[in-house]
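Enquirer: this one's sequence-less:
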């Protein structure tokens, strides 16, 4: 059971477990990439990563060495609605780690020299992403589903080049404040120790003011739109078919979760059975409902060889239509409820997973019982409500279809495979 | 090893108790059935779940040229039909129980696992014992899974720059040993398999005396072993053929290959002929690689990425194979730089560790990082079972991860330098240089066209 308390405005979450001498700590601001200024996408991530590049008289090198010596590893995690540091460490060193984190979060150096170095590193990472076709397809899907909305923005080499030190300092001073911070501690610590650690880690963080999320609800785009990301010499394609999905505040959220699981949430799902098991077209075939503070996306994902791309898209659209119009069957419904209810054990089998759930509720303003009610809600789900939720939320006629492939070889076939195609945009993989 | 004082407690009809080993705060109990099946069971009450792993001592090293990828194809075929169960029923039964299932294949082994809510464990015992002996291999299923694997190969090798380079590295570094060919298999071999090939492989290698079952979780060991005896006790053992391959000859000069790929920057993929997992040098060399490549404070990262800004990503690791493998290194070159410059800088750092001692603090940092990595791998029942299975299968030591941790703690800076001198020898390395594709240049597109220089 996760314990929640507040410490001068900051939310602190504790999940105690002495199964292993391991501690996980997350320091998260409730403000993320959606707060990036226009044209400077990437600022939230840059700010968080720069925290580790010098603080309170310690150089970046000294911080890195101290973390290693403590048996700790830090990484950054930025979503549209949050950004922060995740640290895992050997439990015997957690007191020293708390001292170090208090300096990193409360008194980061944020220097011109380290910012310039970081931006050059991130520029190189942007370039390397061009090797990863799945990442390219996801970037395309973001653009195709959300358009100009904040959730549609992706970090680019150009947007990184416009970030200045004043931007970073401004982001840090406004958003890394107690009233915007969630501090999570999970693992081999006692409640008393956790309170002391939290107090120490937050000791140099100013109170600040809560910052509202400026993001409006995304709007569903209409029609079937093909975004073809052209890359030479692909023997295989990456295909996403997507639209807006669910919100934790929807009354039918859990019903849609049930429906999505039947479509592509398990190894025996409809997509897996039709695309992989029957036809062998793609190694993976799945669908997913992502979650955020506002409505996030729904998508189906496959990666067939180039020759199979067009028939695979046609099949997926057909499966989507049948799923949305006819719904799922009583047998599928009964089956998937057991899968989801019994499988929940693996969502909560470690302390770090359990605290992460509580953290998501705080970070994304989800209902307090979003996770704890999961099993009861799924058990109570009724077939009619599931099918109504699918029909209401997912419109096969309004899908973005994103393909990474070689346009000269398959574009016309892909276009022909999409009934009612409203528009086609072809962009180079270097521009997505 | 047998604990005579506890013999009565552990006596189970049909199973021979072989002792217990301390592991991560628990005890692994070891049993063996008369048909040779090894059972390793450990109670872990940290969550109401259980993980059931079956490790088979068969991997791509047991294949023959022309039939590569067969061990991995089984990773797919084993989820199909058995004599008493229709295709698809295996997955349906597990999913209905809320289970996670998967499998993995590598050079030396193949494993299958299920993680289930603790009360569903009997299902894993029933279905795993069934597919160990009663798999049905029909043309339709073999044909479909061949297509799936061909698509998997396109995903992880053919359309992946790193995958292509890594496959080429092993192809060039090993000329005689079966580590020469990729576990996923050559494409033409994958597409050529017949049901008869599969049946022959299954009959040869899928037998209780070629397997180890590892069960970890919220369980009572005695109950679990009793159930396993009932389910597996009557399965016949098989005559596992003696391995028949040539040891890899000594490498006496560097091998270097250049390939062009559709990638924006140059890459270096490099492998030194390294020790086997069970070699006494393996721990020291792993720590040395951690000093060189582990995190942003490591020597390679600090020098090449932070100070010189000539490389973006830098990775290194020591293979954990039964036979001597490779010490692998990977670098992506920053835009505007060349692999020649980056390789020169890497060579400089490698020469330093051969010549000078690393500092005591560097070694302490590497030890802490490796300890953290081990702890993270043990967070779940599945993580614990996987570690037990790897060490049991490759080294015959189920608690080997714990003794390896002790080895790390004892290792000295002097041992790191000796390991560097023994294994990081330029005449015994293979270097793959990846250049961005440019039609005006002569570098070959495909590894098939590449020439060893």
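Expert: All right, it came through fine. Because the structure is a prediction, the values reported are computed rather than measured.
Enquirer: which phi and psi does the residue positioned nearest the centre of chain B have?
Expert: In chain B, the residue lying closest to the centroid (C-alpha atoms, centre = their mean) is residue B:106, at 5.0 Å. Main-chain torsions, residue B:106, degrees, to the nearest 10: phi -140, psi -170.
Enquirer: so it sits right up against residue B:183, yeah?
Expert: Yes - using C-beta atoms under 8 Å, residue B:106 is in contact with residue B:183, at 5.8 Å. C-betas here are computed from N, CA, C, even on glycine.
Enquirer: overlap in contacts of the two?
Expert: Taking C-beta atoms under 8 Å, 6 or more residues apart in numbering or on different chains as the criterion, residue B:106 and residue B:183 both touch B:59-60.
Enquirer: What count of nearby residues applies to residue B:197?
Expert: By other C-beta atoms under 10 Å in any protein chain shown, the residues close to residue B:197 number 17.
Enquirer: I meant to write residue B:144 there.
Expert: The number of residues packed near residue B:144 is 21, by other C-beta under 10 Å.
Enquirer: In space, what's closest to the closest residue to chain B within chain A - neighbours in sequence excluded?
Expert: Taking C-beta to the nearest C-beta, chain B has its nearest neighbour within chain A at residue A:342, 2.4 Å off. With sequence-adjacent residues excluded and distances taken as C-beta to C-beta, 6 or more residues apart in numbering or on different chains, residue A:342 is closest to residue B:98, at 2.4 Å.
Enquirer: returning to that earlier point: so which strand or helix has the residue of chain A closest to chain B?
Expert: helix A:330-343 (DSSP states H and E).
Enquirer: Next, the buried residues of that helix.
Expert: A:332-333, A:335-337, A:339-343 (16 or more other C-beta atoms under 10 Å in any protein chain shown).
Enquirer: ranges for the helices of the stretch 351-453 of chain B?
Expert: B:360-377, B:381-395, B:400-410, B:413-423 (DSSP state H, counting those that start in this stretch).
Enquirer: typo on my end, it should be the stretch 101-250 of chain B
Expert: Using DSSP H, counting those that start in this stretch, helices in the stretch 101-250 of chain B cover B:121-133, B:139-153, B:161-173, B:187-192, B:195-205, B:221-232.
Enquirer: Domain map for chain A?
Expert: Per automatic domain parsing, the domain ranges recorded for chain A read A:3-201, A:224-428.
Enquirer: just for the stretch 351-453 of chain B, where's the confidence low?
Expert: The model of the stretch 351-453 of chain B has pLDDT under 70 over residues B:438-453.
Enquirer: Sketch out the strands for the stretch 1-150 of chain A, chain order is fine.
Expert: A:3-7, A:10-16, A:22-29, A:54-55, A:58-59, A:72-78, A:83-90 (DSSP state E, counting those that start in this stretch).
Enquirer: can those strands go into a markdown table with extra columns for mean pLDDT, mean neighbour count and distance to chain B?
Expert: Formatted as a markdown table, the strands of the stretch 1-150 of chain A follow (pLDDT from 0 to 100; neighbours: other C-beta atoms under 10 Å in any protein chain shown; distance: least, C-beta to the nearest C-beta, whole Å):
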| stretch | mean pLDDT | mean neighbour count | distance to chain B |
| --- | --- | --- | --- |
| strand A:3-7 | 94 | 14 | 18 |
| strand A:10-16 | 96 | 23 | 12 |
| strand A:22-29 | 97 | 26 | 5 |
| strand A:54-55 | 97 | 22 | 12 |
| strand A:58-59 | 97 | 16 | 11 |
| strand A:72-78 | 96 | 18 | 6 |
| strand A:83-90 | 97 | 23 | 6 |
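Enquirer: Give me the average confidence score over the helix holding residue A:342.
Expert: Taken as a whole, helix A:330-343 has a mean pLDDT of 97.
Enquirer: can you pull the contacts of residue 152?
Expert: The chain I'm using is chain A. Contacts of residue A:152 (C-beta under 8 Å, 6+ apart): A:142-143, A:145-146.
Enquirer: wait, chain B
Expert: Contacts of residue B:152 by C-beta under 8 Å, 6+ apart are A:283, B:184.
Enquirer: residues in the stretch 151-300 of chain B within reach of chain A, list them.
Expert: Proximity of the stretch 151-300 of chain B to chain A (C-beta under 8 Å from any C-beta of the partner chain) is limited to residues B:151-152, B:154-155, B:158-162, B:262-265, B:294-297.
Enquirer: Give the helix, strand or coil label for the residue in chain B that chain A sits nearest to.
Expert: Closest to chain A within chain B is residue B:98: 2.4 Å, counting by C-beta to the nearest C-beta. Three-state call for residue B:98 (DSSP: H, G, I helix; E, B strand; the rest coil): coil.
Enquirer: Which one of the strands of the stretch 1-150 of chain A lies nearest to residue A:285?
Expert: Comparing those by their distance to residue A:285 (C-beta to C-beta), the top pick is strand A:72-78, with 27.7 Å.
Enquirer: does the residue nearest to residue A:342 really touch residue B:120, like I thought?
Expert: Yes - taking C-beta under 8 Å as the definition, residue B:98 is a contact partner of residue B:120 at 7.1 Å.
Enquirer: who touches both of those two?
Expert: With C-beta under 8 Å, 6+ apart, residue B:98 and residue B:120 have common neighbours residue A:342.
Enquirer: now the stretch 301-432 of chain A, which segments are flagged as low pLDDT?
Expert: For the stretch 301-432 of chain A, no range has pLDDT under 70.
Enquirer: Contact residues of it facing chain B?
Expert: A:303-305, A:335, A:338-346, A:348-350, A:352.
Enquirer: one more time with 7 Å, if that's ok
Expert: Counting by C-beta under 7 Å from any C-beta of the partner chain, the stretch 301-432 of chain A comes close to chain B at A:303-305, A:335, A:338-339, A:341-343, A:345-346, A:349-350.
Enquirer: At which residues are the strands of the stretch 151-300 of chain A located?
Expert: So, for the stretch 151-300 of chain A - with DSSP E, counting those that start in this stretch - the strands run A:181-187, A:224-230, A:238-244, A:282-289, A:297-304.
Enquirer: Indicate which one of those strands is closest to residue B:436.
Expert: Here strand A:224-230 is closest among the strands of the stretch 151-300 of chain A (C-beta to C-beta), at 17.2 Å.
Enquirer: elements contacting that closest one?
Expert: helix A:133-146, strand A:400-405, helix A:407-416, strand A:421-428 (3 or more C-beta pairs under 7 Å, 6 or more residues apart in numbering or on different chains; DSSP states H and E).
Enquirer: The third one vs strand A:421-428, what angle?
Expert: Inter-element angle recorded for helix A:407-416 and strand A:421-428: 160 degrees (by axes from the mean of the first three to the mean of the last three C-alpha atoms, to 10 degrees).
Enquirer: do you know which of the strands of the stretch 1-150 of chain A lies nearest residue A:181?
Expert: strand A:10-16 (4.6 Å).
Enquirer: List the contacts of residue A:119.
Expert: Residue A:119 sits next to A:46, A:160, A:163 when contact means C-beta atoms under 7 Å, 6 or more residues apart in numbering or on different chains.
Enquirer: The last one: neighbour count?
Expert: It refers to residue A:163. As a burial measure, residue A:163 scores 25 neighbours (other C-beta under 10 Å).
Enquirer: Does it touch residue A:46 like I think?
Expert: Yes - in this structure, residue A:163 is within contact of residue A:46 by C-beta atoms under 7 Å, at 5.7 Å.
Enquirer: returning to what we had before: would you mind giving the helices and strands packed on strand A:224-230 as TSV with mean neighbour count added?
Expert: What follows is the helices and strands packed on strand A:224-230, written out as TSV (neighbours: other C-beta atoms under 10 Å in any protein chain shown):
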stretch	mean neighbour count
helix A:133-146	22
strand A:400-405	27
helix A:407-416	16
strand A:421-428	13
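Enquirer: can you list these in TSV and add distance to residue B:60?
Expert: Formatted as TSV, the helices and strands packed on strand A:224-230 follow (distance: least, C-beta to C-beta, whole Å):
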stretch	distance to residue B:60
helix A:133-146	26
strand A:400-405	30
helix A:407-416	32
strand A:421-428	38
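Enquirer: just so I know, which of the ones you listed lies nearest residue B:375?
Expert: Once those are compared by C-beta to C-beta, helix A:133-146 is nearest, at 29.8 Å.
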